[in-house]
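In: Give me a model of this one.
(2 chains)
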Amino acid sequence: MSANQPAPSNTSAAGGEAVAALATATAGAPQPPAAVRKRTSRGKLTARRFARNKLALVGLGILALLFLAAYVGPSFTKYDYKFHDYMAFNAPPGGDHWWGTNQGGQDLFALTMRGLQKSLVIGLLVGGISTLVAGFVGAFAGYYGRWVDKGLTWFVDLLLVLPSFLIIAVLSPIFRNASWLIFVVLLAAFSWMITARVVRSMTLTLKDREFVKAAKYMGVPGPVIIFRHILPNMASLLIIDTVIQVGAAVIGESGLSFFGFGVQAPDVSLGTIIADNTTNAPTFQWLFYFPATCLVLIGVAVAFIGDGLRDAFDPNSSGAKSKGRRRKALAERNEAHRKATVAGGSRDVLGTS
Amino acid sequence: MLRKLANYLILVTLAASLSYFIAGLSLHPQANYEGRNPPLAKSTISKTLDDVNMNPDTPIVSRFATWANGVVHGDLGKSIDGSPVNDEVGRRIGVSTRLLLLATLIGSVGGVALGTIGAIKQYKFFDRFTTLASFFILAMPVFVLGLFLKLLTMKFLGAGTIHFTGETDAEFAGRWDFAALGNRAEHMLLPGLTLILLQVALYSRYQRSTMLDVLGSDFLRTARAKGLKRRAALVKHGLRTAILPVVPLLVFNIVLLFIGATFTEKTFGWHGMGELLINSITRNDVNTTSAVALFTAGLVLIAGLLSDLLYAALDPRVRVR
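Out: Down below sits the predicted model:
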């Protein structure tokens, strides 16, 4: 049963659309309009557009594999990342040590997988938290203006003026003996400000747009306007930003760890592994290439996913549909629109978009 | 405008003071002298630390008062080995500027250009290639990129073909004649390339995404409809609008690069401000660390003012306010 599972699910990804299209087509014709008409929900539409993007799927695949490798991989090798193999110093990849060993005889595969775990978790946490904070702060500052804006902008400015790398580095003795979660909080605390400024300036422009004004004069409360009208209009920016933030967090973490200011000694991250092996890297190149490749793969995978999401979310983006299909969809829509107006009046026939 | 400037000055003062307190409380300058063999007398250590105003036995507030008084009079204090921080910082700013100026200019302009072209030719080969390349570059920490370039040149050109450690070879140090300039350019090659690649990748990503948002807009169609050529419409109406959200980012990133070049400087052995930051922290050098913080804060102030001015100059909607 498990053997033939992948095949049908594979074909249904392509075929499902056709079936769905057929279903809406047949359902749409005889039924009365608006009330019963089946709408494709925005989430579904986005997911479908996302699945059409090959690079995004590749990114998702890479990330899933990395997670799998990081958490399941270590149980397949007999070496613990803390174990020093005194029979193999700087051993090349192959044999028992799949990715070779470092100067201290530690198995590079076990070590890298352990570092991968840390880097992945830290990156995702920091990226999510910081974009969330940036969206909230930027939008509220921009929308409410006056003293809210002044206070928040001032706070953002203060944090921007504080040299983050330096402060985290100086504070590193604090989390040397405590949880790495403090490190995550510090990284997040210093990575949302520039985005918040961009969000704020975009909110200033959006605030004067008709749909926001209309909502305002209808009596919609401010927070609702922000979450329903302002932030969704920046979805592409926020998503791109989350992506860049996750990537940046992984890079920031590895950078601080590279200098010894990040993840601390008994624990390892990809940054500390690369740092520990810098001097040996020119001679024993696997010491650099394996952990560095993992690091780069995280970033690349996350970036692919973000790009795919951007296209999926943005109704204007032409890349969301393949060219031929887009032209066809456009023609269909125009035709439908013409028919509707000729028939005397119902508004947007297509519902979506 | 003046009120804004005053506000920024307060911010910088506050940030610098905060940094001093954090550094003063968190770093342990006495660690440099303890545990030596033969052990130093406690009074000797105390005396040495007093000389540089870093004695942890003195209350932090009074240490801060001494430091702040010096800073107001243009004296950043003494570093842990007793030499004035002013000289050190002055020398290193020169090094960082020489490393970064050209790279930043090329990187910014190149990034915006590539991003714009990428958006206009979305999903064509050029766009796909630059997108993929920038994804890979942005996924690399700078030290990985730097090390990678080093390993590549060593592998394909042989070790020692390009000299990339430090600003010059020893015999050219401090010289600016023709031969020395050539040597400087050679040393600039890899770190410069690292920085340019990084910035082009970063800016092109942002520029591409804002440009794409603009490309589907009605005003661009209007511009075309009133008879503008495609290129003119794209540059005059499209690019000008699309570059707006990128401007604050651009300014901040350009100015902040002077401290952000930490990794490049460390990887390629340039003795600039970035290297100073790491060295001062590992040496528990409170005064130098605070000086770097002050320098950074000052740069952010300049960046903030610049980006405000530029934004107002470029976007009429802000100017009305």
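In: Give me the mean pLDDT for stretch B:175-190.
Out: When pLDDT is averaged along stretch B:175-190, the result is 82.
In: in chain B, what residue is nearest chain A?
Out: Taking C-beta to the nearest C-beta as the measure, chain B has residue B:139 as its residue closest to chain A, at 2.4 Å. Heads up, the C-betas are built off the backbone N, CA and C, glycines and all.
In: which residues sit in contact with that residue?
Out: Each residue near residue B:139 by C-beta atoms under 8 Å, 6 or more residues apart in numbering or on different chains is listed here: A:247, A:251, A:295, A:296, A:297, A:298, A:299, A:300, A:302, A:303.
In: Next, work out how far apart the third one and residue B:208 are.
Out: As for residue A:295, its distance to residue B:208 is 24 Å (criterion: C-beta to C-beta, to the nearest Å).
In: Rebuild the contacts of residue B:139 as CSV, extending it with secondary structure.
Out: Shown next, in CSV, are the contacts of residue B:139 (DSSP: H, G, I helix; E, B strand; the rest coil):
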residue, secondary structure
A:247, helix
A:251, helix
A:295, helix
A:296, helix
A:297, helix
A:298, helix
A:299, helix
A:300, helix
A:302, helix
A:303, helix
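In: Which ones, among these, also lie beside chain B?
Out: Residues of these in contact with chain B (C-beta under 8 Å from any C-beta of the partner chain): A:247, A:251, A:295, A:296, A:297, A:298, A:299, A:300, A:302, A:303.
In: which among these end up buried?
Out: A:247, A:251, A:295, A:296, A:297, A:298, A:299, A:300, A:302, A:303 (16 or more other C-beta atoms under 10 Å in any protein chain shown).
In: wouldn't the first one be in contact with residue A:303 here?
Out: Yes: with contact defined as C-beta atoms under 8 Å, residue A:247 counts as touching residue A:303 (6.2 Å).
In: Can you report phi and psi for residue B:84?
Out: phi -70, psi 140 (degrees, to the nearest 10).
In: quick one: it and residue B:76 touch, right?
Out: Yes: when contacts are counted by C-beta under 8 Å, residue B:84 is listed as touching residue B:76 (7.4 Å).
In: quick one: which of the two has more around it?
Out: Neighbours per residue, other C-beta atoms under 10 Å in any protein chain shown: of residue B:84 and residue B:76, the larger number sits with residue B:76, 22 against 14.
In: quick one: residue B:228 and residue B:236 touch, right?
Out: Yes: between residue B:228 and residue B:236 there is a contact under C-beta under 8 Å: 7.1 Å.
In: and stretch A:293-302, average pLDDT?
Out: For stretch A:293-302, the per-residue pLDDT averages 87.
In: residues in contact with that stretch?
Out: For stretch A:293-302, the external contacting residues (C-beta under 8 Å, 6+ apart) are A:58-63, A:66, A:112, A:115-116, A:119-120, A:123, A:127, A:243, A:246-247, A:250-251, A:254, A:270-271, A:274, B:135-136, B:138-141, B:144.
In: what's in contact with the helix or strand hosting residue B:146?
Out: For residue B:146, the element it lies in under DSSP states H and E is helix B:142-157. Helix B:142-157 is contacted from outside by A:254-255, A:258, A:274, A:278, A:281-282, A:285, A:288, A:292, A:295-296, B:137, B:140, B:161-162, B:164, B:190-191, B:193-194, B:197-198, B:263-264, B:266-268, using C-beta under 8 Å, 6+ apart.
In: 6 Å instead?
Out: Residues from elsewhere that reach helix B:142-157, judged by C-beta atoms under 6 Å, 6 or more residues apart in numbering or on different chains: A:258, A:292, B:162, B:190, B:194, B:263, B:264, B:267.
In: Please work out the average pLDDT along stretch A:280-290.
Out: For stretch A:280-290, the mean per-residue pLDDT is 77.
In: now do stretch A:139-155
Out: Averaged over stretch A:139-155, pLDDT sits at 87.
In: In it, which residues are buried?
Out: For stretch A:139-155, burial by neighbour count (16+ other C-beta under 10 Å) applies to A:139, A:140, A:141, A:142, A:143, A:144, A:149, A:152, A:153.
In: One more: stretch B:75-93?
Out: For stretch B:75-93, a neighbour-count test (16+ other C-beta under 10 Å) marks B:76, B:77, B:78, B:79, B:80, B:85, B:86, B:88, B:89, B:92 as buried.
In: Mark which of the residues you listed are part of strands, please.
Out: Within the buried residues of stretch B:75-93, no residue falls in strands by DSSP state E.
In: Turn those into a markdown table, columns for distance to chain A.
Out: As requested, the buried residues of stretch B:75-93 are exported to a markdown table (distance: C-beta to the nearest C-beta, whole Å):
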| residue | distance to chain A |
| --- | --- |
| B:76 | 15 |
| B:77 | 17 |
| B:78 | 19 |
| B:79 | 16 |
| B:80 | 15 |
| B:85 | 15 |
| B:86 | 19 |
| B:88 | 16 |
| B:89 | 14 |
| B:92 | 15 |
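In: quick check, nearest of those residues to residue A:45?
Out: Among the buried residues of stretch B:75-93, residue B:92 lies closest to residue A:45 (C-beta to C-beta), at 54.3 Å.
In: is it true that the closest one touches residue B:273?
Out: Yes: here residue B:92 lies in contact with residue B:273, judged by C-beta atoms under 6 Å, at a distance of 5.0 Å.
In: Residue numbers of the stretch 1-150 of chain B in contact with chain A?
Out: Proximity of the stretch 1-150 of chain B to chain A, by C-beta under 6 Å from any C-beta of the partner chain, involves residues B:11-12, B:15, B:22-23, B:26, B:123, B:135-136, B:139-141, B:143-144.
In: likewise the stretch 201-321 of chain B?
Out: For the stretch 201-321 of chain B, the residues in contact with chain A (C-beta under 6 Å from any C-beta) are B:209, B:216, B:245, B:248, B:277, B:278, B:281, B:293, B:296, B:297, B:300.
In: Quick one: buried ones out of these?
Out: Buried subset of those (neighbour count, 16+ other C-beta under 10 Å): B:209, B:245, B:248, B:277, B:278, B:281, B:293, B:296, B:297, B:300.
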